[in-house]
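Student: Okay, here's the prediction I keep looking at, along with the sequence it came from:
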Amino acid sequence: MVISVIGGTGPQGLGIAKRLAIAGESVIVGSRKEEKAVNIVKETIEELKDYDVDIKGMANEDAANNGNILIITVPLQAQSATLKTIKPYVKGKIILDATVPLETAIGGKVSRLLKLPEGSAAERTASLLEGEDVKVVAAFNNISNSLLLNITEPIDCDCIIAGDDQEAKDIASELIGKIPGIRVIDAGALEKSQLIEAVTPLLIGLNIKYKSKYGGFRITGIPNLDD
Ligand SMILES: NC(=O)c1ccc[n+]([C@@H]2O[C@H](COP(=O)([O-])OP(=O)(O)OC[C@H]3O[C@@H](n4cnc5c(N)ncnc54)[C@H](OP(=O)(O)O)[C@@H]3O)[C@@H](O)[C@H]2O)c1
């Protein structure tokens with residue numbers, strides 16, 4: 001199984017790529033520019049030299065073509081253009097979408113959510129890739145890059161996911177659950193991504209207010225979540 005992170009040169013994508021590579025997955029970091037991905041992967045392999053990692057850098061199109069599971073980590077303003085470039089390579093694949101529709105996409109505040117006509121960024125991904133039989137799962141939306149990139153520490157957070165395909169969510173849960181500390185919680189259908197994505201600007205606002213980079217959250221009081 002090969003995991004390709006589309007837009008994986010940014011902090012969120014690279015953090016996910018490093019964590020999954022350390023967990024033993026074969027990972028591809030994608031970029032609009034192959035050279036950028038190759039150079040970042042070279043630095044990453046050097047940084048992770050104490051681990052046995054399989055990680056490569058490629059253009060987004062090649063990353064999408066060679067990946068079994070795709071993880072989208074581009075800003076909202078890049079979502080449509082990025083998905084257009086990889087659309088020929090996504091047929092039938094599982095797509096984990098970390099995109100959060102922040103107001104910054106239209107010059108607004110990082111701590112405010114941008115309302116989208118499709119409902120959520122993940123639903124927008126599903127809509128933009130309609131007809132390709134992709135299984136979109138919203139994931140990683142509430143896990144900060146600072147936690148992901150702090151590779152020596154476990155991540156004390158829940159990763160809430162949502163999607164319409166149960167098998168895709170089961171595969172996503174198993175994959176994300178390999179990152180130490182993270183508990184994956186299935187919130188239900190893809191429309192729940194509207195609520196999941198909305199938590200992120202709240203966390204960003206709290207981080208700003210209380211001068212932190214590591215805000216995350218845990219659901220408590222629902223014992224069956226751990227079944
Ligand atoms: N950062 C976090 O802590 C965090 C947490 C939860 C969710 N998220 C979500 O994860 C996604 C990625 O976050 P990030 O902070 O890593 O983003 P980022 O650094 O702004 O962008 C990630 C990558 O996307 C590509 N990109 C940027 N602008 C683009 C444009 N205008 N057109 C096409 N490609 C562009 C770039 O890759 P190339 O130049 O290599 O193509 C860039 O390295 C966002 O949707 C964000 O809301 C982030």
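Tutor: Everything's here; your move.
Student: how much space between the residue nearest to residue 200 when sequence neighbours are not counted and the ligand?
Tutor: Of all residues not flanking residue 200 in the chain, residue 100 sits nearest, at 4.4 Å (Cβ to Cβ, 6 or more residues apart in numbering). For the C-beta atoms, the positions are set from N, CA and C on the backbone; glycine is no exception. Applying Cβ to the nearest ligand atom, to the nearest Å, the value for residue 100 to the ligand is 3 Å.
Student: and residue 100, helix, strand or coil?
Tutor: What DSSP: H, G, I helix; E, B strand; the rest coil gives for residue 100 is coil.
Student: Report how many residues lie close to it.
Tutor: Counted by other Cβ atoms under 10 Å, the residues lying close to residue 100 total 29.
Student: Spit out the contact partners of it.
Tutor: Contacts for residue 100 (Cβ atoms under 8 Å, 6 or more residues apart in numbering) come out as 76, 113, 121, 141, 197, 200-201.
Student: and the closest residue to the ligand within the chain, how many residues sit next to it?
Tutor: Per Cβ to the nearest ligand atom, the residue of the chain with the smallest distance to the ligand is residue 10, at 2.4 Å. Neighbour count for residue 10, taken as other Cβ under 10 Å: 17.
Student: Check it and give its pLDDT.
Tutor: According to the prediction, residue 10 has pLDDT 98.
Student: So it sits against residue 78, correct?
Tutor: No. Applying Cβ atoms under 8 Å as the test, residue 10 and residue 78 come out as separate, 9.7 Å apart.
Student: Which helix or strand contains the nearest residue to residue 38 once chain neighbours are set aside?
Tutor: Sequence neighbours aside, residue 57 is the residue nearest to residue 38 in space, at 4.0 Å (criterion: Cβ to Cβ, 6+ apart). Element membership for residue 57 (DSSP states H and E) is strand 54-59.
Student: quick one: contacts for the residue nearest to the spatial centre of the chain?
Tutor: With distances taken as Cα atoms, centre = their mean, the residue of the chain nearest its centroid is residue 98 (3.5 Å). Contact analysis of residue 98 by Cβ under 8 Å, 6+ apart lists 12-13, 16, 71-73, 139-141.
Student: Now with 10 Å, please.
Tutor: Counting by Cβ atoms under 10 Å, 6 or more residues apart in numbering, residue 98 touches 5, 7, 10, 12-13, 16, 71-74, 121-122, 138-143, 145, 197, 200.
Student: Now list the buried members of those.
Tutor: 5, 7, 10, 12-13, 16, 71-74, 121-122, 138-143, 145, 197, 200 (16 or more other Cβ atoms under 10 Å).
Student: near the ligand, which residues of this protein?
Tutor: For the chain, the residues in contact with the ligand (Cβ under 6 Å from any ligand atom) are 7, 9-13, 31-32, 36, 73-78, 81-82, 98-100, 102, 141, 144-145, 200.
Student: quick revisit: could you list the buried residues of the strand holding residue 57?
Tutor: Neighbour-count burial for strand 54-59 flags 55-59 (criterion: 16+ other Cβ under 10 Å).
Student: Could you take those residues and lay them out as a markdown table, with extra columns for pLDDT?
Tutor: Output for the buried residues of strand 54-59, formatted as a markdown table (pLDDT from 0 to 100):
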| residue | pLDDT |
| --- | --- |
| 55 | 98 |
| 56 | 98 |
| 57 | 98 |
| 58 | 98 |
| 59 | 98 |
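Student: Where does residue 65 sit: helix, strand or coil?
Tutor: Using three-state DSSP, the structure places residue 65 in helix.
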